[in-house]
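Asker: next input, structure requested:
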Amino acid sequence: MNNQFNISIEEQKKYFDEENQNAEGRYDAFIKNINEILENNYLKYEELANTVNTKLESNKVQNYSKGLNRVNYNNTQNEKLVNYIENRFNEESYKNNRRIKKIEDNQTKNNKEIKEMNKKIGNVAIVSISLFAVIIIVFLAYQLL
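Answerer: All right, here's what the predicted structure looks like:
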């Protein structure tokens, strides 16, 4: 029974290690994607600003309002994207915190089970030694009679 108990703990450790590595990999990929999106949007914003500036030089009055509308639209889109990314990041952080809490709870539970098992093993050892001592005393008493 003790061997089976140790195997289940090892399997749990292996499972939680794999789960943690998978979570870290997903987190790294998520951050990489966010950085790429932000970089691409920044380049698009620069291109848009350059386009607006070019149009302003050639046709200041008409294109000025159009350019501002495009810039404002792009700013709104960027704000939406940043809000979405912040929300996703907060969700992932919350999920990771829950996973960590679950792992810590399982480790605490396993430590308690190990302590209880050690107490039971100690009690069985004491009872076995006591029983052996009683048998020897009875045997010696029988030999003396």
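Asker: report all helices and strands that the helix ranked longest in the chain contacts.
Answerer: For the chain, the helix with the greatest residue count under DSSP state H is helix 60-144. When contacts are defined as 3 or more C-beta pairs under 8 Å, 6 or more residues apart in numbering; DSSP states H and E, helix 60-144 packs onto helix 2-58. (Each C-beta comes from the backbone N, C-alpha and C, glycine too.)
Asker: state the mean pLDDT of the longest helix of the chain.
Answerer: Averaged across helix 60-144, the pLDDT comes to 81.
Asker: neighbours of the nearest residue to Arg26 once chain neighbours are set aside, how many?
Answerer: Excluding the flanking residues, the one nearest Arg26 by C-beta to C-beta, 6 or more residues apart in numbering is Glu92, at 7.8 Å. For Glu92, the neighbour count with other C-beta atoms under 10 Å is 15.
Asker: and Glu92, what does it touch?
Answerer: By C-beta atoms under 8 Å, 6 or more residues apart in numbering, the contact list for Glu92 reads 26-27, 30.
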